[in-house]
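> kindly return the folded structure for what I paste below:
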Amino acid sequence: MANDKLAQGMFLGFLAGAVTGGILGLLYAPKPGKELRGDLKEKSGEIAHDVDQYLKEAQTKAKELINEGKTKSSELIKDAKVKADELIKDAEKVIDSAKGRITNEGDRLKTAVDAGVSAFKETGEEEGSSKKNS
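Just a heads-up that it's a prediction; the model follows:
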């Protein structure tokens, strides 16, 4: 991209120098007015043709750069979608794993609480029986 700008700047500088040099050369040349006007007309036609060519080349280059940008952006979007899908799948796996662990731990906790309640009831019954016997 920097090389393109450098080439563009050099071309514009060359073009400006050619125009200036051509005009100064024609103005200082010892020629009659009619011949000088004909030379100016010829040079202006050449310059117009050169500018037209330059604009066509610039337009072609701009189209190429736009197409290249579109292609790269499409590729980046596709890559981003693929990575997003992978992240979603990984997140779903982690969530499923966490749900399984939570369920298992919940079941273990419930079992432990039930065992604790049963043990408490049994000790309460034993204490009640021992109080009656005393």
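
> count the neighbours of Lys78 for me.
Applying other C-beta atoms under 10 Å, we find 10 residues neighbouring Lys78. Quick note: C-beta positions are derived from backbone N, CA and C, even for glycine.

> which strands and helices sit next to the strand or helix carrying it?
Under the criterion of DSSP states H and E, Lys78 resides in helix 33-133. Counting contacts by 3 or more C-beta pairs under 8 Å, 6 or more residues apart in numbering; DSSP states H and E, helix 33-133 packs against helix 2-28.

> low-confidence ranges, this protein, go.
Applying pLDDT under 70 to the chain flags residues 1-2, 26, 29, 31, 36, 125-134.

> circling back to that earlier point, can you give me the angle the helix holding Lys78 makes with helix 2-28?
With axes from the mean of the first three to the mean of the last three C-alpha atoms, to 10 degrees as the basis, helix 33-133 and helix 2-28 are set at 160 degrees to each other.

> neighbours of Lys121, how many?
Neighbour tally, Lys121, other C-beta under 10 Å: 10.

> from Leu109, how far off is it?
Lys121 sits 19 Å away from Leu109, going by C-beta to C-beta, to the nearest Å.

> cool, and Leu15?
Per C-beta to C-beta, Leu15 is found 84 Å from Leu109.

> so the two - more neighbours on which side?
The neighbour count for Leu15 versus Leu109, taken as other C-beta under 10 Å, is higher for Leu15 (14 against 10).
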